[in-house]
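J.: With the input below, show me the fold.
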Amino acid sequence: MLCALAAAVCFGVASVFQAVAARAAHAAEEGSGGSAVDPHLLISAARQWRYVLGLGLDTCGFALELVALRALPIYAVGAALAASLAVTAVTAARVLGTRLSAREWAAIAAVCGGLALLGLSAGSEGDSHGSAALRWSTLAAAVAILALGAASGPLPPRARAAVLGLGAGFGFGVVEVAVRLINDVTPSALFTNPALYALLLGGGAAFLLLTSALSRGSVTAATAGMVIGETVAPALVGVLALGDQTREGWTPAAVSGFTLAVLGALTLARFGEVSAAPPPKTPRAPEQARPDGARSPR
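T.: This is a model prediction of the structure:
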């Protein structure tokens, strides 16, 4: 669980840097077209040091996530990763001076309480490595995510952001499931396993869709969609197909903890993107009278 929480910290801090870079990239690319998913936007963002730093933190977070997924059920890891929004909110409050409402502080407390319940109730990961049908289905889901993003172009901005965010969440969920479907890392088995390509395609699609969603629509809608996509569906796959369980007698606590953590994360959805604090207001310069009776700035 410590690895999952450390991954959430990495992802939460990374989002602060990546969001500022994504907005700047969108401003630079503005007028280049109306496509919902724009690869040029990702390339432009990647040229900025903030985005590169964010990617470095994401890489550390992903490595920690891999370790967590090999020891914990998917539902516990997914809820912990959704808690990265709480990390982002606290970071924004301390570093950027963002004001948190009482409701948002309560949401942070709910996330922490939910994760505590999950930590106490989660059993070990299931011992199933999935069927061949599940591996191919995971790869098909990764391809469908890209198609979903491409099809969202004609939608209104808020709906498009929600669809792109949901698609990004599904992409991250594909990664979570695919990690569990890779049990043999010898070259002959690894490169013939559809789950490997599902992991690569799902992760790439998730980053592309999320970058587009954050820069072209409602941040709250995009992040809420992402939280739902990366927690609920993978958790169900883990329980129904991979044998994930709770400690004996702790199922109600696990369900309550998962619900609290996800609902708290949804409440903090506006922190899916954090922009720099607005500059302080400067006093207006006094006006100076002109001989003709008009007034002009000094």
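J.: Tell me the spacing between Arg247 and Leu118.
T.: From Arg247 over to Leu118 the distance is 11 Å, taken as Cβ to Cβ, to the nearest Å. Just so you know, the C-beta spots here come from the backbone N, C-alpha and C atoms, and that holds for glycine as well.
J.: Counting neighbours, what do you get for the residue lying closest to Gly169 once chain neighbours are set aside?
T.: Ranked by Cβ to Cβ, 6 or more residues apart in numbering and with sequence neighbours excluded, the top spatial neighbour of Gly169 is Gly229, at 2.1 Å. Residues within reach of Gly229, counting by other Cβ atoms under 10 Å, total 24.
J.: give me every residue that touches Gly229.
T.: By Cβ atoms under 8 Å, 6 or more residues apart in numbering, Gly229 lies in contact with 165-173.
J.: do the same with Leu190
T.: When contacts are taken as Cβ under 8 Å, 6+ apart, Leu190 is in contact with 182, 184, 196.
J.: And for Thr220?
T.: Under the criterion of Cβ under 8 Å, 6+ apart, the neighbours of Thr220 are 269-270, 272.
J.: Which of these fall within strands?
T.: Members of those lying in strands (criterion: DSSP state E): none.
J.: one step back: which of the contacts of Gly229 lies closest to Cys60?
T.: Comparing the contacts of Gly229 against Cys60 with Cβ to Cβ picks out Phe172 as the nearest, at 16.0 Å.
J.: I'd guessed that closest one sits against Met226; true?
T.: Yes. At 7.3 Å, Phe172 counts as touching Met226 under the criterion of Cβ atoms under 8 Å.
J.: host element of the residue nearest the centre of the chain?
T.: Taking Cα atoms, centre = their mean as the criterion, Met226 is the residue nearest the geometric centre of the chain, at 5.9 Å. Secondary structure assignment for Met226, by DSSP states H and E: helix 219-241.
J.: Of all the residues in that helix, which ones are buried?
T.: Along helix 219-241, the positions that meet the burial threshold by neighbour count (16 or more other Cβ atoms under 10 Å) are 219-235, 237-239, 241.
J.: before we move on, what about stretch 141-151?
T.: 141-142, 145-146, 148-149.
J.: Kindly report the same for stretch 56-67.
T.: Using 16+ other Cβ under 10 Å as the burial criterion, the residues of stretch 56-67 that qualify are 57-58, 60-61, 64-66.
J.: Give me the contacts around that stretch.
T.: Applying Cβ under 8 Å, 6+ apart, the contact partners of stretch 56-67 are 3-4, 6-11, 13-14, 17-18, 77, 81, 176, 179.
J.: Which of these sits closest to Gly123?
T.: For those, the closest approach to Gly123 (Cβ to Cβ) belongs to Val77, at 12.9 Å.
J.: The closest one: how many residues sit nearby?
T.: 35.
J.: pLDDT wise, what is it at?
T.: The confidence metric pLDDT takes the value 90 at Val77.
J.: wait, Arg50 sits on Ser15?
T.: No. Contact status for Arg50 versus Ser15: not in contact, 10.9 Å apart, counting by Cβ under 8 Å.
J.: More neighbours: which of the two?
T.: Of the pair Arg50 and Ser15, Ser15 is the one with more neighbours under other Cβ under 10 Å, namely 27 against 17.
J.: quick one: the more buried one and Asp58, what's the gap?
T.: Using Cβ to Cβ, Ser15 is found at 9 Å from Asp58.
J.: Please apply the same query to Glu248.
T.: Plainly put, Glu248 is 36 Å away from Asp58 if you go by Cβ to Cβ.
J.: helices and strands around the host helix or strand of Ala168, which ones?
T.: Using DSSP H and E, Ala168 maps to helix 157-181. Contacts of helix 157-181 with other secondary structure elements, assessed using 3 or more Cβ pairs under 8 Å, 6 or more residues apart in numbering; DSSP states H and E, are made with helix 49-69, helix 74-82, helix 132-151, helix 194-216, helix 219-241.
J.: Which one of the ones you listed lies nearest to Arg160?
T.: Nearest to Arg160 among the helices and strands packed on helix 157-181 is helix 194-216; the distance by Cβ to Cβ comes to 7.0 Å.
J.: Could you give the average pLDDT over the closest one?
T.: In this model, helix 194-216 carries a mean pLDDT of 87.
J.: what's the answer for stretch 225-232, then?
T.: Per-residue pLDDT values across stretch 225-232 average out to 88.
J.: Tell me how far Tyr197 lies from Ala133.
T.: When distances are taken as Cβ to Cβ, Tyr197 and Ala133 turn out to be 16 Å apart.
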